[in-house]
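[1] Fold the stuff below for me.
(one chain, ligands or ions: 2)
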Amino acid sequence: MSEKLLEVHNATKIYKQGKRDVVALQDFNLTLDKHPASIVTIAGESGSGKSTLAKLVLGFEKLSSGRILFEGQDMTRASTRELKEYRRKVQAVFQDPFGVFNPYYRVEHVFEMVSKNFRLFQSDSQSRDHIEEALNVVGLQGEAVLRKYPHQLSGGQRQRIMIARAYLLKPKLIVADEPVSMVDASLRASILDVMIRLRDEEGISFLYITHDLSTAYQVGDQIFMFYQGAIAETGNATDVITHPQHPYVQLLIDSVPKPDPNIRWQGDIELPPDEEMRTSSKNGCRFYPRCPKRMNHCESNFPQLYQVGNPGHEASCFLFDGKVAGTPAPSV
Ligand code: ADP
Ligand code: MG
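    Numbers count the residues shown, from 1 in each chain. Ligands and ions are numbered 1, 2, ... in the order given. Have a look, this model is predicted:
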């Protein structure tokens, strides 16, 4: 059996919003092997629970129920020393890199801080060499960039610096929450290429979170399409995008140009805004109110994941349950 890097078991997060309970993430499962490194894409519209998953994996939020294991260990029960090690091995890259920089310090400060906090290097010259290397890995020239102030850099450069900072710690996993959504469309591909290179050459795995399907297609090994806190469909990114099976995912993919595996999608393809409010009291399929193929059964039962194609390609939809009578419900 191959060793596991990350295991998420039945992860559920419920937030209180006034009197209402919001199920931000429901019974989510994910397993990432240690080798080979891979990029797992989490895609979904705004409010579908993507950042909640990121925060849970990073340990910024506590699970309502479920378990998250890293290298076989339950991090909620880790000692202080183990937690510190975890904080090194699992790095975060966020949407807005500007927020991470202090505008009054040069870029080098970002690296000095991380190098000091984790006591990474024995000497200043050793530290310089590693920082240079990290910048080169993300395609930046060391010295010139380090002397700049944050406002003198483009969004794409700032995001590369955040990846270089993460790389300096030699992490096993980088949780990247919408890392390119504030970067010019023309520069997105080059940042995603950095991620692909880190996966292939440095063995770093990624949880890549996005609401932009075109980038999901570019990087994803495995993809999870979220709908209101639950998986609508998962599988190899190419399978899911070229042969979507869940009615929600079909609607999404139909609204974008037909993908050709040899052509990278251009431009922005955004998911439509979240229309439904969700509460813990709703038992049925979350997509019922919008589903063009809904059946009576779907209103009060929650579908498990059914295999719908190649191994690992699964959709959470009763259309794939041979035992559910196909009584169509009134149309949407
Ligand atoms: P995404 O990143 O996909 O846009 P989030 O994970 O941020 O989605 O949010 C999922 C749901 O959880 C949303 O309905 C959001 O309002 C709710 N939520 C997220 N964080 C909190 C919080 N700290 N308190 C209350 N509700 C929250
Ligand atoms: Mg988010």
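[2] switch to C-alpha atoms for all contacts and neighbour counts from now on
    Will do.
[3] Close to ligand 1: what parts of the stretch 1-150 of the chain are there?
    By C-alpha under 6 Å from any ligand atom, the residues of the stretch 1-150 of the chain that approach ligand 1 are 15, 16, 17, 24, 45, 46, 47, 48, 49, 50, 51, 52.
[4] switch to 8 Å and redo it
    Residues of the stretch 1-150 of the chain lying close to ligand 1 by C-alpha under 8 Å from any ligand atom are 14-17, 22-25, 44-54.
[5] Report all helices and strands that the helix or strand of the chain with the lowest mean pLDDT contacts.
    Every helix and strand in the chain was compared by mean pLDDT, DSSP states H and E; the lowest is helix 213-219, with a mean of 82. Applying 3 or more C-alpha pairs under 8 Å, 6 or more residues apart in numbering; DSSP states H and E, we find helix 213-219 packed against strand 39-43, helix 185-202, helix 237-242.
[6] Please put the alpha-carbon coordinates of it into PDB.
    This file holds the C-alpha atoms of helix 213-219, laid out as PDB (Å, rounded to 0.1, in the frame of the first residue of the first chain):
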ATOM      1  CA  LEU A 213     -12.600  26.100 -14.700                       C
ATOM      2  CA  SER A 214     -10.100  27.000 -17.400                       C
ATOM      3  CA  THR A 215      -7.200  26.800 -14.900                       C
ATOM      4  CA  ALA A 216      -8.600  23.600 -13.400                       C
ATOM      5  CA  TYR A 217      -8.200  22.000 -16.800                       C
ATOM      6  CA  GLN A 218      -4.600  23.200 -17.100                       C
ATOM      7  CA  VAL A 219      -3.300  21.800 -13.800                       C
END
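[7] measure residue 251 to ligand 1 for me?
    18 Å (C-alpha to the nearest ligand atom, to the nearest Å).
[8] Please apply the same query to residue 218.
    20 Å.
[9] coming back round to it: right, and the helix or strand after the least confident helix or strand of the chain?
    strand 222-227 (DSSP states H and E).
[10] For that following strand, buried residues please.
    Buried residues in strand 222-227, defined by neighbour count with 16 or more other C-alpha atoms under 10 Å: 222, 223, 224, 225, 226, 227.
[11] which helices and strands sit right next to that strand?
    For strand 222-227, the contact count by 3+ C-alpha pairs under 8 Å, 6+ apart identifies strand 39-43, strand 230-236, helix 237-242 as packing neighbours.
[12] I'd like the next helix or strand past the last one.
    It refers to helix 237-242. Scanning onward from helix 237-242 (DSSP H and E), the first element met is helix 247-254.
[13] List the ones among the residues of the stretch 1-150 of the chain next to ligand 1 that fall in strands.
    Of these, the ones assigned to strands by DSSP state E are 14, 15, 16, 17, 22, 23, 24, 25.
[14] ok, so of these, who is nearest residue 155?
    Top of the list for closeness to residue 155, among these and by C-alpha to C-alpha, is residue 24 at 29.3 Å.
[15] residues touching that closest one, list them.
    For residue 24, the contacting residues are 12, 13, 14, 15, 47, 48, 49, 52, 228, 229, by C-alpha atoms under 8 Å, 6 or more residues apart in numbering.
[16] count of residues packed around residue 251?
    Here the number of neighbours of residue 251 (other C-alpha atoms under 10 Å) works out to 15.
[17] how near is the residue in the stretch 151-300 of the chain positioned nearest to ligand 1 to residue 100?
    Ligand 1 sits closest to residue 229 of the stretch 151-300 of the chain, with a gap of 6.7 Å, by C-alpha to the nearest ligand atom. Taking C-alpha to C-alpha, to the nearest Å as the measure, residue 229 falls 27 Å from residue 100.
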